[in-house]
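Trainee: From the sequence below, what's the structure:
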Amino acid sequence: MNTAQLGRNVLWAALAVAAIAAAPTGAQQTTERFIPIGESPGVSNEYSYIGKIVAVDRDARAITVEHAGGVKTIRLTGQTKIWLDRSKRRRHNTVGTYEDCEVGRDVEVKHMRDDDGTADWIKIEAR
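Mentor: Coordinates of the predicted model:
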C-alpha cells in the first residue's frame, strides 16, 4: 500500500468514526459530500436514485434524470447541496453549482424526506 492509499484509508476511517460518534442525520449530512456516487451507506439506492441527466430546465431550476426506475424531474432550491464527485480521478469531491447540471452527466439524487419533488442533495460526476 502506497502513501496516498494509506492516507485515503485513514481519511475514510476518520470519517467513519466521526459518523458513528455523531447523531445519524448530522453525521450523514456532514460527511455526504466526501462519499462517491452510489456509495452512501443507508442512502444510495434506498433514499436516492442514480442515473443520467436527460434535461435541464434553467427557468424552473429543475433537472430530469433517467434512472433504473424510470424518468424523474426534480427541483433544486437554494438549499439543495450540490457536489462534484471527482473520485474516479482519485481526487476529493468538491462543491458544485447548478451550472454543473448538464445533459449527459451521471448523477445521484436524494430527495427531501417530506417532498420527493425537491432535491435535498445531488452528486454530479465531474468531467
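
Trainee: May I have the beta-bridge partners of Glu66?
Mentor: Lys52, Val71 (DSSP bridges).

Trainee: quick one: the strands in this structure?
Mentor: Assigned by DSSP state E, the strands in the chain fall at 48-57, 62-67, 70-75, 81-85, 94-95, 106-112, 115-125.

Trainee: Looking at these, spot the one closest to Glu32.
Mentor: Checking those against Glu32 by C-beta to C-beta gives strand 115-125 as the closest, at 6.3 Å. C-beta here means a position set from N, CA and C on the backbone, and glycine is covered the same way.

Trainee: Going by neighbour count, which residues of the closest one are buried?
Mentor: By neighbour count on 16 or more other C-beta atoms under 10 Å, the buried set for strand 115-125 is 119-125.

Trainee: from the residues you listed, which two are the most distant?
Mentor: Of all pairs in the buried residues of strand 115-125, the most separated under C-beta to C-beta is Asp120 and Glu125 at 18.4 Å.

Trainee: Mind checking the strands of the chain for the one nearest to Gln5?
Mentor: strand 81-85 (19.0 Å).

Trainee: avg pLDDT for that closest one?
Mentor: Averaged across strand 81-85, the pLDDT comes to 94.

Trainee: and that strand, C-alpha only, in PDB?
Mentor: Taking Å, rounded to 0.1, in the frame of the first residue of the first chain, the C-alpha atoms of strand 81-85 are listed here in PDB:
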ATOM      1  CA  LYS A  81     -26.500  20.800  -1.800                       C
ATOM      2  CA  ILE A  82     -24.600  20.100  -5.000                       C
ATOM      3  CA  TRP A  83     -21.300  18.200  -5.000                       C
ATOM      4  CA  LEU A  84     -19.000  17.200  -7.800                       C
ATOM      5  CA  ASP A  85     -17.800  13.600  -7.500                       C
END
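
Trainee: could you give the angle of it to strand 106-112?
Mentor: Relative orientation of strand 81-85 and strand 106-112, computed by axes from the mean of the first three to the mean of the last three C-alpha atoms, to 10 degrees: 160 degrees.
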